[in-house]
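S.K.: 3D model of this:
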Amino acid sequence: REEYCAVLRGMLQKHVLAAELSPDPEKLSLYLVLGVNGVGKTTNLAKLAHFYKNEKGIVPLLSAADTFRAAASDQLKIHGERLGVRVVSQLPGADPGAVIFDSIESAKGRGERLVLVDTAGRMHNKENLVKELKKIDKVVTNRIDPSSYRKILVIDATTGQNGLRQAEIFHEAVGID
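M.R.: Numbers count the residues shown, from 1 in each chain. Got it, this is the predicted structure:
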């Protein structure tokens, strides 16, 4: 069994691209977490916050840009309280780009080095939601050095071939890392 796993791992590794997620200590970095509904974006964002705070000594700012899902902001605030990190949010239904704008400006004002952004789940086949993602991307690219901006796609492991299509659509929209 171990032999088969090693062969499979070798076959898959040549198709996997890696991106370094090390924030530049000299400038503000922003990591945008995106994906379809229900894949664990908010939970993974909290795990990233825990990692950077406890393993790297970087206290991130959490940005609650999922203003669509009921209680998404509340969920992120609970994670923030448990982790001891700040959360920037607005009222439900607010413009996600405005939340991100406020998060970036707040982080700059306080000298923080990392903003982790939780976005609303969006089905990759819904053109209007993908367009909204492009607007969010424009807000970020106008305020963050491109070398400090990463787009992280969260995909459910059971997605299969649909995961490839999700990655293609999100990459076409904003270029995932």
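S.K.: Secondary structure element holding the one residue sitting closest to the centre of the chain?
M.R.: Nearest to the mean C-alpha position of the chain, counting by C-alpha atoms, centre = their mean, stands residue 33 at 1.3 Å. Using DSSP states H and E, residue 33 falls within strand 29-34.
S.K.: export that strand as CSV, just CAs?
M.R.: The C-alpha coordinates for strand 29-34 follow below in CSV (Å, rounded to 0.1, in the frame of the first residue of the first chain):
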residue,chain,number,x,y,z
SER,A,29,0.5,41.7,2.8
LEU,A,30,-3.0,40.6,2.1
TYR,A,31,-4.3,37.1,1.5
LEU,A,32,-7.7,36.7,-0.1
VAL,A,33,-9.4,33.4,0.7
LEU,A,34,-12.0,32.4,-1.9
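S.K.: Number of residues surrounding residue 109?
M.R.: Counted with other C-beta atoms under 10 Å, the neighbours of residue 109 add up to 8. Heads up, the C-betas are built off the backbone N, CA and C, glycines and all.
S.K.: tell me the SS of it?
M.R.: Per DSSP: H, G, I helix; E, B strand; the rest coil, the local secondary structure of residue 109 is helix.
S.K.: Distance check, it against residue 94.
M.R.: Computed as C-beta to C-beta, to the nearest Å, the residue 109 to residue 94 distance reads 20 Å.
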